[in-house]
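# fold the following.
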Amino acid sequence: MDRLLQFGRKAWFVVRVMSGYEERRIRSYRLQLQKRLEMASAQAKKEELKRQPEQVILSEVRQVVQQMQTLNRHLEEAETAIDEYFKPIDNNAKIITDMQMEKEELKMKEMAKAMQEQIRMQREIAMKRAETSSAESNDSEETKHLGKNCISSSKIKNSSVRRRHLSNEEDR
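Below you'll find the model as predicted:
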C-alpha cells in the first residue's frame, strides 16, 4: 500500500509538472521570497539612511578629533625640539644673569658700606663740633675762674692737652 501511495504521489507530481502548475507555484514562491528580500533590504536601507547622518556626523567628529590629536602631537614635538635647541642658550643666559646679580649685590654691599662710613664720619664731625663748642664754653668758664681764682697757666695748658688727647682718642 505504501508503494501505491508513493506511486500516486509521483504520478500526481508529474501531472502537476506537465500542466505547469508546479512551475507556477515555484515561480510564485521565488517571487514572494524575492519581494521579502527586497522589502527587507529596502527597510535596511531606510534605517541606514536614517542612521547615515548620525554616522556622517560621528565620522566627521572622529576625523576632527584625530586631526586635533595629531596637531597636539606635532606641537609637543615642536616644543620639545625648540626647548632642546635653546637649552644651551638658556644655560648661558642663566649664567650671565647670575653673574650680573652677583655684581649688583656686591655694588649694593659696597654702597651700603660707603653710606655707613659716611654716616660714621658725619657723626664724628658732629661729635667734634659738639666737643669743641662745649670745650670753648668750658674754656671761657675756666678763664673766668682763672681770673677769679688765679689759677696758673700750667693748668690751662693741661686742660687743652687733655682736650686734644680726648679728640685724638675719638678719632681713632
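# so which residues of the chain form helices?
Listed in chain order, the helices of the chain (DSSP state H) span 2-19, 21-149, 153-171.
# just want the angle from the first one to helix 21-149.
On the basis of axes from the mean of the first three to the mean of the last three Cα atoms, to 10 degrees, helix 2-19 is oriented at 80 degrees to helix 21-149.
# make TSV from the helices of the chain and add mean neighbour count and mean pLDDT to it.
Bear in mind the C-beta positions are built from the backbone N, C-alpha and C, glycine included. Formatted as TSV, the helices of the chain follow (neighbours: other Cβ atoms under 10 Å; pLDDT from 0 to 100):
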stretch	mean neighbour count	mean pLDDT
helix 2-19	10	83
helix 21-149	10	87
helix 153-171	11	55
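# measure the most far-flung residue of the chain relative to its centre to residue 8 for me?
For the chain, the residue at maximal distance from the C-alpha centroid (Cα atoms, centre = their mean) is residue 1, at 99.6 Å. Taken as Cβ to Cβ, to the nearest Å, the spacing of residue 1 relative to residue 8 amounts to 10 Å.
# just the pLDDT for the residue farthest from the centre of the chain.
Taken from the predicted model, the pLDDT recorded for residue 1 is 82.
# kindly export stretch 34-44 (C-alpha atoms) in CSV.
What follows is stretch 34-44, C-alpha atoms only, in CSV (Å, rounded to 0.1, in the frame of the first residue of the first chain):
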residue,chain,number,x,y,z
GLN,A,34,12.5,38.0,-3.7
LYS,A,35,9.8,40.5,-2.6
ARG,A,36,10.6,39.7,1.0
LEU,A,37,14.3,40.2,0.4
GLU,A,38,13.7,43.4,-1.4
MET,A,39,11.4,44.7,1.3
ALA,A,40,14.0,43.7,4.0
SER,A,41,16.8,45.4,2.0
ALA,A,42,14.7,48.5,1.4
GLN,A,43,13.9,48.7,5.1
ALA,A,44,17.5,48.2,6.0
